[in-house]
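Trainee: Just need the structure, nothing else, for what follows:
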Amino acid sequence: MRKVRCNYNTSDSFSESLKEERTLEVFTTDKFDPGEQILLEISFPSLPGKLVVRAIGSEWHAARPRLRIRAGGQVLCTDSEWRKIEFLENVANGTVALSARRKHVRLPVLAEIQWRRLGHPESQLAAMSEISESGALLFTEAEMTIGEEIIVEVTPPGSVQPMEILCIVRNTSNGEGIGMEFVARDMGGVQRLREIIRRLVSR
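Mentor: Numbering: from 1, shown residues only. Next up is the predicted model:
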């Protein structure tokens, strides 16, 4: 699948682009065809990174400068991908606060994830950024303690099933999120972790 970049000038313009029946209005000069499956890379000012969703092209049109119409069109998203769009809507309207600034993001990635406390079955929706092989920053309003172990579930582009990463909470007081360290118990775990990061960064 091709990656199509879509930038919204304001957070409000992203919210206004959400249409009924899992349809999203997009602004992009990257042409796509009706029925084409694409990887849509979304960015807007209050999003400290980028989020990629799988989508199906519906229609695309070129820019019309005289009418002040930007190049773009509409795409359709499946149920699971539309949940990512709804998550971004919460970011855009301030329901979910992501306070990390762009200049602090080591890798230009913002990934929607599920996480749960080790030994507990219930998962919570959140996001992570500043991703490296050693760890990441977790955006969640949940209270955590240093040394606590959690399981993060990530679904990289191209995957159907989520991949689990064991993490240890290392920092809860930086004011931007929860600093967590990735834990790989064996060499297979190290290779799997590197593959997750590679796919998130290169998506």
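
Trainee: show me where pLDDT drops low in the protein?
Mentor: Under the criterion pLDDT under 70, the flagged ranges of the chain are 80, 96-109, 174-176, 185-190, 201-203.

Trainee: ranges for the strands of it?
Mentor: With DSSP state E applied, the chain shows strands at 2-7, 18-19, 23-27, 37-43, 51-61, 72-76, 110-117, 124-129, 135-139, 149-154, 163-171, 178-183, listed in chain order.

Trainee: taking these together, which one is wrapped up most tightly?
Mentor: Between the strands of the chain, strand 135-139 has the highest mean count of neighbours, a mean of 24, where neighbours are mean count of other Cβ atoms under 10 Å. (Glycine included, C-beta is placed from N, CA and C.)

Trainee: List the neighbouring strands of it plus their orientation.
Mentor: According to DSSP bridges, strand 135-139 has the following sheet partners: strand 124-129 (antiparallel), strand 178-183 (antiparallel).

Trainee: So for Gln114, which of the ones you listed sits nearest?
Mentor: Checking those against Gln114 by Cβ to Cβ gives strand 124-129 as the closest, at 6.1 Å.

Trainee: ok so, going back, okay, the strands of the chain in JSON lines with distance to Thr95 next?
Mentor: As requested, the strands of the chain are exported to JSON lines (distance: least, Cβ to Cβ, whole Å):
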{"stretch": "strand 2-7", "distance to Thr95": "21"}
{"stretch": "strand 18-19", "distance to Thr95": "14"}
{"stretch": "strand 23-27", "distance to Thr95": "18"}
{"stretch": "strand 37-43", "distance to Thr95": "17"}
{"stretch": "strand 51-61", "distance to Thr95": "16"}
{"stretch": "strand 72-76", "distance to Thr95": "23"}
{"stretch": "strand 110-117", "distance to Thr95": "14"}
{"stretch": "strand 124-129", "distance to Thr95": "12"}
{"stretch": "strand 135-139", "distance to Thr95": "12"}
{"stretch": "strand 149-154", "distance to Thr95": "21"}
{"stretch": "strand 163-171", "distance to Thr95": "24"}
{"stretch": "strand 178-183", "distance to Thr95": "19"}
